[in-house]
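K.L.:
Sequence and predicted model, in that order:
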Amino acid sequence: MKTTQYPITRLFGVSTAREKLFSKLGIKTLFDLLYHFPADHENRGNTVCVDDAQNGEYASLILEIITPVTNTRIKSKGGRAMTVQKFTAADETGSVKVTCFNREFLGQSVKVGNKYRFYGIINGIAGLCSMTSPAIEAADGKVLLPYVPRYPLTAGLTSNILSSCIKQALEICKNDIDDYLTDAEREEFDLCTHYEALCGIHFPENEEILRQAKRRLAFDEMYAFQLNSILLGENVKSGKAYRVDYPEMREFLSHLPFEMTRAQKKALHDILWDMSGVTKPEDNTSDEFVSPARRLVQGDVGSGKTVVALAAMYAAAKSGYQSALMVPTGILARQHYEDAGRLLSKMGLHVALLTGGTKAAEKKQILAELKSGEIDCLIGTHALIEDNVEFKNIALAVTDEQHRFGVGQRKTLEEKGENRIFPHTLVMSATPIPRTLAMILYCDLDISIIDELPKGRQKIDTYAVGEDYHTRVYKFIRERVEEGRQAYIVCPLAEEKNAEGEYIQTANYELKSAKSFCEKLKNEELKGLNVEYVHGRMKQTEKDEIMSRFADGEIDVLVSTTVIEVGVNVPNSVVMLIENAERFGLSQLHQLRGRVGRGSHKSYCILVSPLMNKSKDSDFAKRVKILCDSGDGFEIAKKDLELRGPGEFFGKRQHGALCFRMADAMGDVKLLEQTKTLATRHAKEKRELEIEKIGL
Ligand code: ADP
Ligand code: MG
């Protein structure tokens with residue numbers, strides 16, 4: 001057995017009780033532990049003296065303990081029993097009063113006369129300084145690392161415990177951590193070894209080592225993603241797909257209440273040509289089969305990507321084949337089913353909806369009808385890719401808002417065909433991204449771009465304001481509702497507690513959560529209006545119910561998380577208010593804004609952030625200005641890329657399931673190009689990577 005596969009109970013200090021805590025974090029083996037990366041690193045290296053510490057800012061101080069630690073029991077506001085520890089520490093320039101909570105054993109580890117490094121927010125000015133719950137490390141006779149990793153933790157498991165376990169694991173597994181790169185390749189791309197990167201991310205001795213570690217891990221992550229995509233593409237391309245004849249489209253077009261734009265028609269031609277074998281005639285010699293198409297359709301929010309997908313599904317049905325449309329949320333699936341389903345049904349197609357919320361009996365029937373070929377088009381969430389979903393003859397698989405799905409999920413859908421008959425793949429991207437980046441991120445797909453909005457689209461007025469504008473904002477919303485319109489309010493969090501009932505700590509100021517913010521608005525600022533909330537962690541049936549009531553106009557104001565980000569269409573809604581706007585990426589804000597301005601009414605997007613009061617030149621203010629000035633998603637993405645680098649696109653906030661843990665380090669397009677070079681080379685050499693090897 002490889003040492004990396006050892007259970008963590010092999011480590012000194014991991015009892016069965018602790019094993020349970022580790023498993024809460026998904027850590028069972030030494031391997032899991034080594035790849036439990038810090039969310040970021042605190043820079044505690046720049047120590048200052050008390051006199052120089054800035055009020056309200058993070059500071060790192062080396063202090064001597066002056067008074068013994070006192071320990072008192074108190075009750076919290078909520079009535080829970082807790083303990084408080086207090087003591088004073090000082091250097092030559094001043095003293096600091098320290099307060100901690102529930103650290104009963106502090107008195108044993110912190111001794112009067114000894115020196116420690118304190119890291120936390122300093123309150124007050126020299127002479128009257130205090131710190132609450134700082135990180136404390138013994139400083140006497142020890143080399144303290146300047147960068148301290150901040151790990152995702154769970155109650156009962158501290159950073160110190162985690163660090164000491166990781167240290168042991170690194171030692172034990174030393175010889176079992178492979179490097180898939182040769183020395184020559186590492187030199188070519190200026191990378192440290194994979195093992196060095198692991199040491200560097202957990203125990204960075206200096207800034208350069210940390211930078212190198214992040215770069216190497218980001219490289220590995222992106223490389224693995226690209227190699228996988230390329231191999232998937234090659235595997236599919238070596239198979240075949242049903243030939244879908246280019247149909248007579250008049251019937252389809254006659255059912256549309258509008259004329260398709262030039263750009264929509266172009267994208268549709270691309271995919272119809274692919275599927276009918278026109279694109280690569282040399283590969284397509286048989287009458288029944290052609291080489292599988294794999295195409296990305298990029299278009300700004302509201303550019304009308306759905307209808308392109310529907311037209312392609314219509315074409316598949318006309319040739320006698322089935323198709324599927326997979327979307328990331330149940331809300332969106334239902335909406336597509338209702339709109340698209342109605343349209344396709346009018347043309348005589350049999351459309352079905354399958355989501356996690358579909359009842360067992362209904363599901364059974366749908367599965368049978370899919371297998372017999374009775375259903376032409378299936379719309380749904382990733383319930384579509386479960387093993388028991390079998391098609392009779394699927395020719396086309398569309399994934400909408402693809403960035404929400406990882407390659408793995410896309411792969412499973414693509415592999416729904418049998419006997420190496422694959423469906424053609426059409427991927428609709430939600431977030432427009434610059435072409436250079438698209439070619440890296442979707443390196444295995446052909447790309448069509450819808451670079452034109454339907455005629456008559458209005459501009460959405462966008463404002464960024466500080467929280468002191470709240471009263472005016474609510475008055476504004478009330479007025480719109482009195483005119484018969486509706487509004488969205490988006491918050492960064494679903495509830496204040498996570499699934500385990502623990503309070504979520506994110507920033508050092510309050511983040512709004514949909515649930516409690518909704519309660520507050522209902523009782524105070526928006527009293528009398530119909531205010532409800534929806535978020536991703538609610539039951540599917542509850543979500544569907546709220547959304548359909550909002551669509552029917554029964555709810556005036558919908559408070560929500562980003563579950564409404566993608567695709568939701570309620571044309572009567574004219575205000576998009578985004579709380580804690582600083583928590584969202586620009587493209588995501590643009591995407592949210594795209595939920596309004598869908599009807600004939602004038603629409604508004606209001607971004608509220610405590611950061612707006614701080615400074616007009618702040619990074620956030622600059623980014624927001626881009627959004628206020630432009631309504632063009634491609635333009636916004638391009639500027640955002642210039643301002644922040646590609647990290648933004650790969651961050652958690654942007655891509656959901658397709659997120660990269662080392663997103664920040666993917667700071668330069670060069671790194672991404674290098675990974676693509678190498679992945680392409682290795683794919684040619686058929687050097688498959690066991691992804692398990694690099695913890696991805
Ligand atoms: P997205 O590209 O964001 O997925 P949708 O496909 O949801 O956009 O389309 C947004 C709205 O625009 C829908 O209500 C759709 O019916 C409408 N639409 C699509 N194409 C056109 C067009 N050519 N002219 C007018 N309206 C259109
Ligand atoms: Mg869409």
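P.N.:
Perfect, I can see it now. Ligands and ions are numbered 1, 2, ... in the order given.
K.L.:
how about the nearest residue to residue 562, chain neighbours excluded?
P.N.:
Closest residue in space to residue 562, ignoring its immediate chain neighbours: residue 490 at 6.5 Å, by Cβ to Cβ, 6 or more residues apart in numbering. Backbone N, C-alpha and C define where each C-beta goes, glycine included.
K.L.:
actually residue 431, sorry about that
P.N.:
With Cβ to Cβ, 6+ apart, the residue lying closest to residue 431 is residue 587, at 4.6 Å.
K.L.:
What strand or helix carries that neighbour?
P.N.:
helix 586-593 (DSSP states H and E).
K.L.:
Mind giving me the packing neighbours of the very next helix or strand once past that helix?
P.N.:
For helix 586-593, the following helix or strand on the C-terminal side (DSSP H and E) is strand 604-608. Using 3 or more Cβ pairs under 8 Å, 6 or more residues apart in numbering; DSSP states H and E, the elements in contact with strand 604-608 are strand 461-465, helix 470-482, strand 573-578, helix 586-593.
K.L.:
Name the residues of strand 604-608 that are buried.
P.N.:
Using 16 or more other Cβ atoms under 10 Å as the test for burial, strand 604-608 gives 604, 605, 606, 607, 608.
K.L.:
pLDDT (mean, whole number) over it?
P.N.:
What strand 604-608 shows for mean pLDDT is 95.
K.L.:
If I take it and strand 573-578, what angle do their directions form?
P.N.:
20 degrees (axes from the mean of the first three to the mean of the last three Cα atoms, to 10 degrees).
K.L.:
Give me the mean pLDDT for whatever helix or strand comes next after strand 604-608.
P.N.:
Sequence-wise, the next helix or strand downstream of strand 604-608 (DSSP H and E) is helix 619-629. Regarding helix 619-629, the rounded mean pLDDT is 86.
K.L.:
hmm, back to that, around the residue nearest to residue 431, how many other residues sit close by?
P.N.:
25 (other Cβ atoms under 10 Å).
K.L.:
Ok, residue 541 next?
P.N.:
11.
K.L.:
on that earlier part again, pairing partners for the residue nearest to residue 562 in the sheet, please.
P.N.:
Residues in a beta bridge with residue 490, per DSSP bridges, are residue 560, residue 578.
K.L.:
number of nearby residues for it?
P.N.:
By other Cβ under 10 Å, neighbour count at residue 490 equals 27.
K.L.:
Which residue does the stretch 1-150 of the chain have closest to ligand 1?
P.N.:
Residue of the stretch 1-150 of the chain nearest ligand 1, by Cβ to the nearest ligand atom: residue 39 (32.0 Å).
K.L.:
tell me the angle of the helix holding residue 587 relative to strand 461-465?
P.N.:
Using the same axes, to 10 degrees: helix 586-593 against strand 461-465 is 120 degrees.
K.L.:
Next up, identify which helix or strand residue 363 is on.
P.N.:
helix 360-372.
K.L.:
Farthest out from the centre of the chain, which residue is that? Tell me.
P.N.:
Distance from the C-alpha centroid of the chain peaks at residue 113, with 47.6 Å (Cα atoms, centre = their mean).
K.L.:
Return the set of buried residues in the strand of greatest length in the chain.
P.N.:
If you go by DSSP state E, the chain has its longest strand at strand 81-91. Buried residues in strand 81-91, defined by neighbour count with 16+ other Cβ under 10 Å: 85, 86, 87, 88, 89, 90, 91.
K.L.:
Distance from stretch 40-47 to the middle of the chain?
P.N.:
26 Å (Cα atoms, centre = their mean, to the nearest Å).
K.L.:
what does that stretch rub up against?
P.N.:
58, 60-62, 117, 119, 135, 144-150, 204, 210, 664 (Cβ atoms under 8 Å, 6 or more residues apart in numbering).
K.L.:
so of these, which ones are in strands?
P.N.:
58, 60, 61, 62, 117, 119, 135, 147, 148, 149, 150.
K.L.:
how many neighbours does residue 661 have?
P.N.:
Residues within reach of residue 661, counting by other Cβ under 10 Å, total 17.
K.L.:
list the contacts for it?
P.N.:
Residue 661 makes contacts with 37, 217, 221, as judged by Cβ under 8 Å, 6+ apart.
K.L.:
Please read off the pLDDT at it from the model.
P.N.:
70.
K.L.:
So it: helix, strand or coil?
P.N.:
coil (DSSP: H, G, I helix; E, B strand; the rest coil).
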